[in-house]
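Asks: Prediction below, plus the sequence it came from.
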Amino acid sequence: MSDFEWALTNAFNTFFERQRINAIAYRLKQSRFASQVMDILVDSRQPEYYLAIECKSLDSRKAKALYFKQHFSSSQGSHQLARETDFLTKSGRNGILAVEFRRGTGKPRTAYFLPWGSVYKLYQEGEVGLRLEEIEKNPALERKSGEYEISGLDIVRITGYYNIASSQDLLEDVRDIE
């Protein structure tokens with residue numbers, strides 16, 4: 001799993017450097033006895049690049065879906081999706097779920113970005129997870145020489161797609177303006 005996280009961190013930083021964008025991606029240290037906020041954070045003054053990314057890597061030969069109970073933790077009295085959504089809401093970061101499919105020896109891996117809000121909505125609605133086919137409806141990240149490549153379109157497509165603010169939050173914002 002950590003290989004995928006490092007590969008994405010490197011891909012983000014390569015993209016930022018190539019495009020001369022003032023942003024930095026970094027992988028948070030994991031500790032066995034402490035919960036981790038998200039796998040990768042991206043800091044930038046540009047809102048579309050102020051990100052938090054949760055990474056999941058699945059053996060697509062064995063898994064039929066990314067299950068909310070099996071592939072996400074439940075600790076500290078709450079589900080990982082709820083804890084991380086709370087972090088996103090409080091920090092103002094855009095959330096991404098990055099899913100990698102491992103296909104076996106000699107076959108290339110593929111990765112997909114999913115907007116956090118749509119994943120969390122499915123969890124709230126009581127879905128058990130995301131079928132692999134649903135994940136694959138999203139465009140796969142490009143790969144060159146075995147490395148993931150991220151484009152501006154990959155990020156804008158995800159960050160502009162789904163806001164996790166509830167309609168109640170929106171109503172409060174309108175009342176504040178009046």
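Replies: Now that the structure is in, tell me what you want to look at. Small disclaimer: the values here were computed from a predicted structure and weren't measured.

Asks: going forward, measure contacts and count neighbours with C-alpha atoms only.
Replies: Will do.

Asks: can you list the weak-confidence ranges in the chain?
Replies: For the chain, the stretches with pLDDT under 70 are 1-2, 30-35, 160-178.

Asks: again, only this time at 80
Replies: Within the chain, the segments meeting pLDDT under 80 span 1-2, 29-36, 74-77, 158-178.

Asks: show me where it has strands.
Replies: Per DSSP state E, the chain carries strands over the ranges 23-27, 40-44, 51-59, 65-67, 74-75, 78-79, 94-102, 110-115, 129-131, 142-144, 147-149.

Asks: what are the pairing partners of the fourth one, and which direction each?
Replies: The one in question is strand 65-67. Strand 65-67 pairs in its sheet with strand 129-131 (antiparallel), by DSSP bridges.

Asks: Show residues contacting the strand it pairs with.
Replies: Around strand 129-131, the neighbours that count as contacts under C-alpha atoms under 8 Å, 6 or more residues apart in numbering are 64, 65, 66, 67, 68, 122, 123.

Asks: Send me the longest helix anywhere in the chain as CSV with only the CA atoms.
Replies: What stands out as the longest helix in the chain, according to DSSP state H, is helix 2-19. Output of helix 2-19 as CSV, limited to C-alpha atoms (Å, rounded to 0.1, in the frame of the first residue of the first chain):
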residue,chain,number,x,y,z
SER,A,2,2.7,2.5,0.9
ASP,A,3,4.2,2.1,-2.6
PHE,A,4,1.0,3.5,-4.1
GLU,A,5,1.1,6.4,-1.6
TRP,A,6,4.7,7.2,-2.5
ALA,A,7,4.0,6.9,-6.2
LEU,A,8,1.1,9.4,-6.0
THR,A,9,3.1,11.8,-3.8
ASN,A,10,5.9,11.8,-6.4
ALA,A,11,3.4,12.2,-9.3
PHE,A,12,1.8,15.2,-7.6
ASN,A,13,5.2,16.8,-6.9
THR,A,14,6.4,16.1,-10.5
PHE,A,15,3.3,17.8,-11.9
PHE,A,16,3.7,20.8,-9.6
GLU,A,17,7.3,21.2,-10.6
ARG,A,18,6.7,20.7,-14.3
GLN,A,19,3.8,23.3,-14.3
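
Asks: buried stuff in it?
Replies: If you call a residue buried by 16 or more other C-alpha atoms under 10 Å, then helix 2-19 has these buried ones: 4, 5, 8, 9, 10, 11, 12, 13, 14, 15, 16.
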